[in-house]
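[1] Sequence and predicted structure, then a few things I'm wondering about:
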Amino acid sequence: MVNPSTSSNQLVGIYIHIPFCQSKCQYCDFYSVTNLSLIPNYLNALEQEMKMAGAGGVRADTLYIGGGTPSVLTPRQVGNIVDWAAAYFNLEPTAEMTLEINPATATARDLQDYAAFGFNRLNIGVQSFNDQNLTFLGRRHNANQALAAVKAGMDAGFTNIGLDLIFGLPEQSPSSWKNDLMQAIRLAPKHLACYILSYEEHTPLYADLQAGRFVALSDLRTADLFRMTHDFLSAAGYEHYEVSNYAHGAAWRSKHNQKYWNLAPYIGLGPSAHGCRLPVRWWNHRSLANYMDDLSKNRLPRADEEHLNEEQLMIEALYLGLRQSDGIIFSEFQKRFNTDFKLYFHSALDRFAAEGWIEMDERRCHLTIEGMLFLDHIVDELVELIN
């Protein structure tokens with residue numbers, strides 16, 4: 001856990017949300033629209049937002065373009081966004097620059113162009129190497145396209161490639177999930193994000209679940225897959241550094257995502273994007289029309305903001321710190337909140353240690369693999385002890 005206090009000259013992360021998809025995946029609750037004819041108008045609005053948000057002399061050392069499906073933009077449009085980020089946010093020459101791509105929309109030539117524009121990290125939304133699973137999730141690509149996308153990324157010169165995978169699908173067996181993991185590590189990505197399938201309200205998959213069209217995998221079986229993921233990837237040389245994230249060594253951790261988990265400052269651009277410069281957190285309209293309308297009137301497209309008090313900051317520090325394998329660093333917690341972590345929460349910590357959910361030494365407290373399964377419960381109990 002990094003000290004969440006920020007200074008005006010602290011390097012920030014830049015997240016840019018591309019709110020377009022060719023079609024919506026069954027499980028996805030991220031904001032996007034399928035009317036691609038709106039892309040030029042969106043890009044005009046985005047440049048205006050970037051110009052306004054960077055007016056205070058911001059300096060950035062990470063850029064993450066996500067979505068939606070960023071690869072529905074042309075390479076030249078993506079390159080323009082990079083140029084704007086460099087101009088308006090003084091993007092560091094050594095910045096980590098990540099682009100999300102969908103195997104169904106990014107060609108080998110596109111990937112070569114992305115590399116030429118300065119992207120040095122590729123995040124590929126594989127989700128599964130099983131065609132039946134991909135169909136269930138509503139993905140537009142198949143397993144062969146996923147494999148081809150990874151190869152094309154390597155051929156384009158990307159050495160830092162991350163893959164996203166989803167597990168916990170209905171009736172998913174350990175052997176089926178292990179096949180996905182085995183195929184993933186054969187490709188030797190530097191980063192793997194393994195997410196448990198969640199059923200978000202207002203998604204088609206949630207509606208199908210409620211209608212009884214399938215039965216969700218039980219929590220016990222999902223927990224077994226989580227443990228298996230940890231054991232398998234750890235044996236393959238991957239560091240489990242956050243609940244859902246694995247890196248092939250500390251150097252390959254996502255620098256941008258760590259800003260979120262460490263309460264570092266970041267600026268979110270595009271509809272539905274969030275930003276944070278403590279103690280203030282804000283978010284943009286979850287509507288492309290409202291987003292573009294505000295910017296056409298020279299207004300930042302804010303839907304709302306919140307000012308976090310000390311108690312809320314402590315809750316954030318607990319939840320985000322315990323998500324990570326580094327855990328809560330006692331000296332940093334003491335410095336930020338003038339509180340002895342072990343003394344303040346001792347009654348709960350003793351029980352958690354007895355359950356095998358946490359481990360502590362003189363420097364830090366972190367969750368075990370079993371503890372990660374109970375993250376929300378653990379944080380809820382700690383929060384109850386905050387006066």
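    On my side now, so go ahead.

[2] in the stretch 151-300 of the chain, which spans are helices?
    Using DSSP state H, counting those that start in this stretch, the helices found in the stretch 151-300 of the chain span residues 174-186, 204-210, 219-235, 255-261, 288-296.

[3] Give me the nearest residue to residue 226, chain neighbours excluded.
    In space, and not counting its chain neighbours, residue 226 is closest to residue 373: 6.3 Å by C-beta to C-beta, 6 or more residues apart in numbering. Bear in mind the C-beta positions are built from the backbone N, C-alpha and C, glycine included.

[4] Just to check, that neighbour is in contact with residue 224?
    No: under the criterion of C-beta atoms under 8 Å, residue 373 lies out of contact with residue 224, with a separation of 10.2 Å.

[5] Just the pLDDT for the closest residue to residue 72 other than its chain neighbours.
    Distances taken as C-beta to C-beta, 6+ apart place residue 20 nearest to residue 72, at 5.1 Å, with adjacent residues excluded. As predicted, residue 20 sits at a pLDDT of 95.

[6] about what we covered before: out of the helices of the stretch 151-300 of the chain, which comes closest to residue 113?
    Smallest distance to residue 113 across the helices of the stretch 151-300 of the chain (C-beta to C-beta): 21.2 Å, for helix 255-261.

[7] for the closest one, the distance to its chain's centre please.
    Relative to the mean C-alpha coordinate of its chain, helix 255-261 is positioned 8 Å out (C-alpha atoms, centre = their mean, to the nearest Å).

[8] which residues are in contact with stretch 87-98?
    11-12, 14, 50-51, 53-54, 57-66, 82, 85, 118-123, 162, 254-256, 267 (C-beta atoms under 8 Å, 6 or more residues apart in numbering).

[9] Same question for stretch 313-325.
    Contacts to stretch 313-325, defined as C-beta under 8 Å, 6+ apart, come from residues 1, 4, 239-243, 260-263, 278-279, 308, 327-329, 333, 336-337, 339, 365-367, 371, 375, 378-379, 382-383, 386.

[10] Can I take it that residue 22 is in a helix?
    No: under DSSP: H, G, I helix; E, B strand; the rest coil, residue 22 sits outside any helix and is assigned coil.

[11] can you give me phi and psi for it?
    Dihedral angles of residue 22 (phi, psi; degrees, to the nearest 10) stand at phi -70, psi -30.

[12] My read is that it contacts residue 72, right?
    Yes: with contact defined as C-beta under 8 Å, residue 22 and residue 72 form a contacting pair (6.2 Å).

[13] I only care about the contacts of stretch 87-98 that end up buried; give me the ChimeraX line for that.
    Restricted to buried positions by 16 or more other C-beta atoms under 10 Å, the ChimeraX selection for these reads:
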select :11,12,14,50,53,54,58,60,61,62,63,64,65,66,82,85,118,119,120,121,122,123,162,254,255,256,267
